[in-house]
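> got a predicted structure plus its sequence, pasted below:
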Amino acid sequence: MEEAELIARLRAQDEVALTELVVSYGGFINQVILHNLPNDFRRDFTADIANRCFYQVWSHIGQYDADKGTFKNWLSAIVKHQTIDYQRGLKAMLQNTTLDHVVLSTPPITEELDYETIFASLSKTEREVFMLFYRDDLLPEEIGKKLRMKRWSVYKHLSRGRKKLQEEGVINDYFT
């Protein structure tokens, strides 16, 4: 679909055009969002920010003027400002949150996890690192001292192991 046709259909509030926008520009929007987010913690909010961006385009497509610039530039400005606004709101929310009255609940584990089976596909070193990290709750620094490896090496083994487990579909909420 041509860009001009997409814009005309968006202005007519055609919902199929909104789907086309998501398909055609979704990757670009995610790139702009990730470029404007400073750390991995905030990158967890990429989908929320993208949804806000699509809503803003849907709501304000009438303000787009091709004589002032390209659609992609207009879109990137919306994405950038939505990302900044989201970060400000997140910062304000976190500043106003006190942990004095927060109760964290975790689902009770009714049975002991079989770590040997879960980590069976990992290499010997990855399995040792995973056991110490997940079963024994040691920090990467402590694991590094115990296994005589650098802390970054512990992180590397955890990252590679998680990737293997994700590819096999073994990883779940306990191991993210």
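That came through, no problem.
> separation between the residue in the chain sticking out farthest from the centre and residue 156?
No residue in the chain sits farther from the centre than residue 67, which is 35.3 Å out by C-alpha atoms, centre = their mean. Residue 67 is 52 Å from residue 156, where distance means C-beta to C-beta, to the nearest Å. (Each C-beta comes from the backbone N, C-alpha and C, glycine too.)
> swap in residue 39?
Taken as C-beta to C-beta, the span from residue 39 to residue 156 is 20 Å.
> now the element after the longest helix along the chain, going C-ward?
Secondary structure of the chain per DSSP state H: the longest helix is helix 71-96. As assigned by DSSP states H and E, the chain's next helix or strand after helix 71-96 is helix 115-118.
> in contact with residue 112, which residues?
Residue 112 makes contact with no residue, according to C-beta atoms under 8 Å, 6 or more residues apart in numbering.
> do you know how far it is from residue 46?
From residue 112 across to residue 46, the span is 36 Å (C-beta to C-beta).
> for the residue farthest from the centre of the chain, which three-state class applies?
Following DSSP: H, G, I helix; E, B strand; the rest coil, residue 67 is assigned to coil.
> from residue 5, how far off is it?
Per C-beta to C-beta, residue 67 is found 18 Å from residue 5.
> that older thread, more neighbours: which of residue 39 and residue 156?
Set residue 39 next to residue 156 and count neighbours by other C-beta atoms under 10 Å: residue 156 wins out with 14 against 7.
> element containing that one?
helix 151-168.
> for this structure, which spans come out with low pLDDT?
Low-confidence segments of the chain (pLDDT under 70): 1, 40-43, 94-111, 170-176.
> and it, what are its domain boundaries?
With domains defined by automatic domain parsing, the chain comprises 3-96, 115-175.
> for residue 2, what are its contacts?
Counting by C-beta under 8 Å, 6+ apart, residue 2 makes contact with nothing.
> separation between it and residue 12?
Separation of residue 2 from residue 12 (C-beta to C-beta): 15 Å.
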